[in-house]
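> Mind folding the following:
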Amino acid sequence: MDEVQAPNSASAIQQRVQSGRIGWWGPLALTPARACLILLVQGGLAAVLWLRGNPSPWRTQAPWWTVYATLIDIGCLLLLWRQARSEGIRLVDLFGVDRSRLRWEALWGLALFLILFPTIVGGGGTLASWLVYGTTHLNPKGLAPGLLSARHLPRWAVYYSLSVFWLVWSPTEEAIYQAYCAARLKALTGKTWVTVMVVGFWWAFEHSLFPLVLDWRLMLFRFLQFIPLIVVIQLIYLRTRALPRLIFMHWPMDLLAAWMTLRP
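This next block holds a predicted model:
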């Protein structure tokens, strides 16, 4: 796709900034919006469970994070649709899909997954484990069993988690943080490091809330674990503006996350 003509290209965004169609409010509001929606949905479900007499509503809702995730995605997509419309573009324009290049983008995504997952994700987890727990041999399956790991769900919820969850979660996450927030903050600030710092903080913070387990060490570990990956993929996106390849890279990561955290 020709970057100059693409509605979400760097040049097109800069033109809308100069014309006043893009201001600070949109990207600054949407950068923390996903984290806020995560808390809102969890709190809402816990409130419903409490009203129905559940003795531990917060713990009861937590294992279902791969099911209620779609509610968060719907909220994010509605916010993106509203902001895209205010700029005079379509929601689909944020994704930058060029059907003639999808096979090439899928190959790029697979290559990035094979490189980044074992090195950046694995290395980030090892470093975070050492910094927070003082060991490099932390067993991920022992983290909040039944909530974050070793979750037991009914069969229909397992099928949903291994099909719908990751197919919607990955592209929505990439679209809001990268295609919308990072792309516009880069145009507004003119500085890559500011963009990566602001978006990266909230993107990593999201991972400490989903689901929210009130253990400060676990929250800090999850935050630090994702920082290296988030920084790297932001730099890749800001350099290439190729979102589809990052979605293809992201899909197997989220599928593995769902599969590895469910109890057989």
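> residues in contact with the residue nearest to residue 66 when sequence neighbours are not counted?
Nearest residue to residue 66, sequence neighbours excluded (CB to CB, 6 or more residues apart in numbering): residue 161, at 3.7 Å. In this view, the C-beta of every residue, glycine as well, is placed from N, C-alpha and C. Residue 161 is in contact with 66, 67, 153, 258, 262, counting by CB atoms under 8 Å, 6 or more residues apart in numbering.
> where along the stretch 101-250 of the chain do the helices fall?
102-116, 122-133, 155-160, 166-174, 183-189, 192-209, 216-240, 243-261 (DSSP state H, counting those that start in this stretch).
> Next, the buried residues of the shortest one.
If I follow you right, that is helix 155-160. In terms of neighbour count (16 or more other CB atoms under 10 Å), helix 155-160 has its buried residues at 157, 158, 160.
> gap between the residue nearest to residue 66 and residue 257?
Distance of residue 161 to residue 257, given as CB to CB, to the nearest Å: 10 Å.
> same thing with residue 189?
31 Å.
> which residues does residue 192 contact?
Neighbours of residue 192 in contact, by CB under 8 Å, 6+ apart: 186, 235, 238.
> and residue 181, how many neighbours?
Neighbourhood size, residue 181 [other CB atoms under 10 Å]: 28.
> That one and residue 199 touch, don't they?
Yes: Residue 181 lies in contact with residue 199 (CB atoms under 8 Å); the separation is 5.3 Å.
> Now for those two: what residues contact both?
Joint contacts of residue 181 and residue 199 (CB under 8 Å, 6+ apart) are residue 31.
> about what we covered before: quickly name whichever of the buried residues of helix 155-160 is closest to residue 16.
Using CB to CB, residue 160 comes nearest to residue 16 of the buried residues of helix 155-160, at 37.7 Å.
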